[in-house]
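Participant: What follows is a predicted structure for the sequence shown.
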Amino acid sequence: MTGVSPHRFMEAPSWNSRGRSFPFSSVVVLFLATARVIASIQNVEQPANALNVTVIGHQYWWEYRYPSLKVVTANELHIPVSDPAHRTPTFLTLLSADTDHSFWVPRLGGKTDLIPNHPNSMWMDPHETGLYLGQCAQYCGTQHAKMLLRVYVDSREDFDRWIQEQRQPAHIPETASEGQRIFEETACVNCHTIAGTRANGTDGPDLTHLMSRQTIAAGAADNTPGNLLAWVYDPAVIKPGCRMPSMGLSTEQAGAVAAYLETLR
C-alpha cells in the first residue's frame with residue numbers, strides 16, 4: 001500500500017496571474033465607489049430652503065446658533081424633519097472655541113471634527129422625527145466622556161413652535177427676584193446670557209430658556225429641580241473637572257438661584 005506524504009497537504013496553493021490580480025481589481029472598484037460617495041456628500045448643493053446652524057464646541061458643552069432665525073441655545077439641537085419629496089436638510093458649520101472636538105450622531109451622519117481656527121462642515125437630512133443621541137468623539141479633556149449630544153428631529157410645526165418660544169426674552173416672576181439678584185451679583189452674570197436681563201456673558205451656555213431642555217451639564221444629568229440645585233451649589237458633584245466653578249453660595253442662596261433658573265422656560 002502506497003502512503004501519501006503529509007507534506008502534500010501543506011503545500012501553498014498555486015496562483016496564476018489572473019488569481020493574483022482579482023483582489024487588486026476589487027480594491028480599485030471599492031476605492032472608486034467610496035470616493036464617489038464621499039464626493040457626493042462633500043460637494044452636495046445646498047437647497048435654498050436648507051436650515052443653517054453654527055455648532056461651537058466648548059470644554060465641555062455644545063453651543064448652537066441659528067443665524068437666520070436669531071436663536072442661540074446649548075447642548076440640545078433642534079432641527080426639522082426632511083420630507084423626501086421636498087427636502088429641507090440642515091447644514092452645520094462646525095467651529096471650536098478651545099481644543100479639538102468631534103461631532104458624532106451615528107444615526108444622522110459620520111463623525112466630523114471641530115478644529116480650532118479651521119472651520120468644518122457637515123449636513124443632515126433626517127426623514128424620521130425623534131431623539132437621536134451622540135457625543136463628542138475626540139478626546140478633549142477630563143470631561144470628554146460627558147460632552148453628550150442630543151438632536152431632536154421635530155415635525156415642521158413643532159420646530160416652528162420651538163423657534164418662536166426660543167426667540168422670546170425671559171419671563172421672570174416677582175417671586176424669583178432674590179435669585180435673580182444673587183445671580184447678577186456673582187460671576188454667573190459674566191459667563192451666561194439671559195435675554196432681557198443684565199446677564200450677557202458668552203463663556204457659558206445661554207440660559208434664557210434653560211427649562212425647555214431635558215438635561216443639564218451637556219446631558220450629564222436630567223434637568224430636575226434636585227439636579228439643578230446640586231449643579232448650582234457645586235457643579236463638580238455632577239461633573240468633576242468641569243469648567244463651571246462653585247460660587248461659594250450658601251444653601252439658601254443656591255436654592256434662591258435654582259428657583260430663579262426654574263422660571264426660565
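Facilitator: That came in fine, so what should we check first?
Participant: how about stretch 227-241: buried residues?
Facilitator: Across stretch 227-241, burial judged by 16 or more other C-beta atoms under 10 Å covers 227-233, 235, 238-239. (C-beta placed from N, C-alpha, C; glycine too.)
Participant: want to throw those into TSV with pLDDT, secondary structure and distance to residue 213?
Facilitator: Formatted as TSV, these follow (pLDDT from 0 to 100; DSSP: H, G, I helix; E, B strand; the rest coil; distance: C-beta to C-beta, whole Å):
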residue	pLDDT	secondary structure	distance to residue 213
227	97	helix	12
228	97	helix	11
229	97	helix	16
230	97	helix	16
231	97	helix	12
232	97	helix	15
233	97	helix	19
235	96	helix	16
238	94	coil	15
239	94	coil	15
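Participant: Would you reformat those residues as TSV and include distance to residue 139?
Facilitator: Shown next, in TSV, are the buried residues of stretch 227-241 (distance: C-beta to C-beta, whole Å):
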residue	distance to residue 139
227	26
228	28
229	31
230	26
231	24
232	28
233	29
235	21
238	20
239	16
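Participant: List the contacts of residue 152.
Facilitator: Shown in contact with residue 152 (C-beta atoms under 8 Å, 6 or more residues apart in numbering): 76-79, 130-132.
Participant: buried subset of those residues?
Facilitator: 76-79, 132.
Participant: Worst mean pLDDT across the helices and strands of this protein, which element?
Facilitator: helix 17-42 (a mean of 62; mean pLDDT, DSSP states H and E).
Participant: Okay, now the sheet partners of the helix or strand just after that helix, with direction.
Facilitator: Next helix or strand after helix 17-42 toward the C-terminus (DSSP states H and E): strand 51-58. Partners of strand 51-58 in the sheet, by DSSP bridges, are strand 61-66 (antiparallel), strand 90-96 (parallel).
Participant: how about the CA coordinates for the first one, as PDB?
Facilitator: Right, strand 61-66. The C-alpha coordinates for strand 61-66 follow below in PDB (Å, rounded to 0.1, in the frame of the first residue of the first chain):
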ATOM      1  CA  TRP A  61     -20.600  71.600  26.100                       C
ATOM      2  CA  TRP A  62     -22.200  72.500  22.800                       C
ATOM      3  CA  GLU A  63     -23.400  75.900  21.600                       C
ATOM      4  CA  TYR A  64     -25.900  76.100  18.800                       C
ATOM      5  CA  ARG A  65     -26.600  79.300  16.800                       C
ATOM      6  CA  TYR A  66     -29.300  79.700  14.200                       C
END
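Participant: So which elements touch the helix or strand following that strand?
Facilitator: Going down the chain from strand 61-66, the next helix or strand is strand 71-74, by DSSP H and E. For strand 71-74, the packing partners by 3 or more C-beta pairs under 8 Å, 6 or more residues apart in numbering; DSSP states H and E come out as strand 61-66, helix 156-166.
Participant: phi, psi of residue 113?
Facilitator: When read as degrees, to the nearest 10, the backbone of residue 113 gives phi -80, psi 150.
Participant: Would you confirm that it contacts residue 102?
Facilitator: Yes. In this structure, residue 113 is within contact of residue 102 by C-beta atoms under 8 Å, at 4.8 Å.
Participant: related to what we said a few turns ago, and of the buried residues of stretch 227-241, the nearest to residue 257?
Facilitator: residue 232 (5.1 Å; C-beta to C-beta).
Participant: what separates residue 132 from residue 196, distance-wise?
Facilitator: 32 Å (C-beta to C-beta, to the nearest Å).
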